[in-house]
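>>> The sequence and its predicted three-dimensional model are supplied below.
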Amino acid sequence: MRRTPIVLALLGALTVAGCSSAGRQSAQSAPASSAAAAPASATYAVITHASPGDSFWDVVKNGAEAAGKQYGVKVTYQGDGDPAKQSQLIDQAVSEKVDGIVVSMANPDALKEAIGKAVTAKIPVITINSGADSSKAFGAITHVGQSEEVAGRGAGEQLKAAGVTKLLCVIHEAGNVGLDQRCKGAEQTLGGTVERLQVDVSNLADVTSKVTAKLQSDKQVNGVLALNPAVAVAARDAVKDAGSQAKLATFDLSADVVSAIKDGEILFAVDQQQYLQGYLPITFLNLYKDNLNTVGGGLPVNTGPGFVTKDNADQVAKLAEAGTR
């Protein structure tokens, strides 16, 4: 993806602010002129497809709230895994005449009408995390996230290098297009077989049970790719329960995942730096409100993929514990 020097400089500065505990401290102690850049009445609504208890989205929320404090604006955060309810939350934000909306689009078609209402009401919309292919068509000013298929290809390459020939790709949200893209990308580069297993992220005990059963029934499965950190921990337990030698990798971070990487229980985590998926959209909306700036030139702003391995896990561990990774 091509970026102008100005955009690269902007994103570089924001990444420093968004990816470390030191960055959060500097954001809170920003000069008064930064906090005064937006009117105190500015309100931005962040509406995601988060399921209850999903630690991934807690980090997104942390990023959005840190940016809100830096710019002196109000940030509200709500999440619902039901697309119909997520659409209702968007409608509610439109009726409240917020100054901008940030929305994840795991099921883009289900949100198209609600997002269209926001655009018609001249409320700027930034999409995050998933649904990049539909973002521009729906009228959003930019998308912040990672290319899921590209990230999946990177995961597939690393798993192939580790000797995996038959991979179980564990999908934890039905209908989430981004998750299927991750599995598809891994399939393109693995050079072996990729089988999908549907589970429910809100029932982690059942995740462990289903992965265990699959590993016990199909001894040819020698790799597991989780697409969520909580699911990764459940899959780690499944590998142990099944007495399997399957290699395990995951998308996204948590303190438990980083600890498991350090202990050699998980090979690596694909890191999309979800803190930035909260932090950057609030920054971009604030720039748009104050100065009509748009970022990305019509292309998504990528926050990943990066890879956390045993080599850098110690450094990342402290940041994950602080809620910024």
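Cool, the structure landed. Remember, it's a predicted structure, so these values are computed and weren't measured experimentally. Residues are numbered from 1 along each chain as shown.

>>> Where does pLDDT dip in this structure?
1-41 (pLDDT under 70).

>>> list the contacts for L190?
Counting by C-beta atoms under 8 Å, 6 or more residues apart in numbering, L190 touches 156, 159-160, 164-165, 167. To be clear about C-beta, it is placed using only N, CA and C from the backbone, and glycine gets the same treatment.

>>> Please report the distance of Q198 from N107.
Counting by C-beta to C-beta, to the nearest Å, the gap from Q198 to N107 is 15 Å.

>>> Equivalent analysis for L280, please.
Distance of L280 to N107, computed by C-beta to C-beta: 23 Å.

>>> Those two - which one has more neighbours?
Each of L280 and N107 has its neighbours counted (other C-beta atoms under 10 Å); L280 has more, 29 against 22.

>>> which residue sits closest to that one, ignoring its sequence neighbours?
Spatially, and ignoring its direct neighbours in sequence, L280 is nearest to V144 (5.0 Å; C-beta to C-beta, 6 or more residues apart in numbering).

>>> count of neighbours near that neighbour?
There are 27 residues near V144, going by other C-beta under 10 Å.

>>> tell me the contacts of A114?
By C-beta under 8 Å, 6+ apart, A114 lies in contact with 86-88, 90-91, 94.

>>> ok, 7 Å please
87, 90-91 (C-beta atoms under 7 Å, 6 or more residues apart in numbering).

>>> so can I have JSON lines of those showing neighbour count and distance to L204?
Below are those laid out as JSON lines (neighbours: other C-beta atoms under 10 Å; distance: C-beta to C-beta, whole Å):
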{"residue": "S87", "neighbour count": "21", "distance to L204": "27"}
{"residue": "I90", "neighbour count": "23", "distance to L204": "29"}
{"residue": "D91", "neighbour count": "14", "distance to L204": "32"}
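
>>> Among those residues, which are located in helices?
Cross-referencing those against helices under DSSP state H gives 87, 90-91.

>>> I'd like to check which residues are in contact with Q272.
By C-beta under 7 Å, 6+ apart, the contact set of Q272 is 145-146, 151, 252, 303-305.

>>> one more time with 10 Å, if that's ok
With contact set as C-beta atoms under 10 Å, 6 or more residues apart in numbering, Q272 has these partners: 56, 129, 145-148, 151, 178, 251-253, 302-306.

>>> Also T294?
Counting by C-beta under 10 Å, 6+ apart, T294 touches 124, 126, 141-142, 284, 287-288.

>>> Now do the end-to-end distance for stretch 216-228.
End-to-end distance for stretch 216-228: 22 Å, by C-alpha to C-alpha, to the nearest Å.

>>> tell me which residues of it are tucked away?
Applying a neighbour-count criterion of 16 or more other C-beta atoms under 10 Å, the buried positions in stretch 216-228 are 221-228.

>>> got the end-to-end distance for stretch 194-211?
Taking C-alpha to C-alpha, stretch 194-211 runs 14 Å from one end to the other.

>>> now the closest residue to G192 other than its chain neighbours: how far from L190?
Nearest residue to G192, sequence neighbours excluded (C-beta to C-beta, 6+ apart): T165, at 4.0 Å. According to C-beta to C-beta, T165 and L190 sit 8 Å apart.

>>> what sits in contact with each of the two?
Between them, T165 and L190 share these contacting residues under C-beta under 10 Å, 6+ apart: 159, 223.

>>> secondary structure element for the nearest residue to G100 once chain neighbours are set aside?
Spatial nearest neighbour of G100, chain neighbours left out: L285 (3.7 Å); criterion: C-beta to C-beta, 6+ apart. Using DSSP states H and E, L285 maps to helix 274-291.
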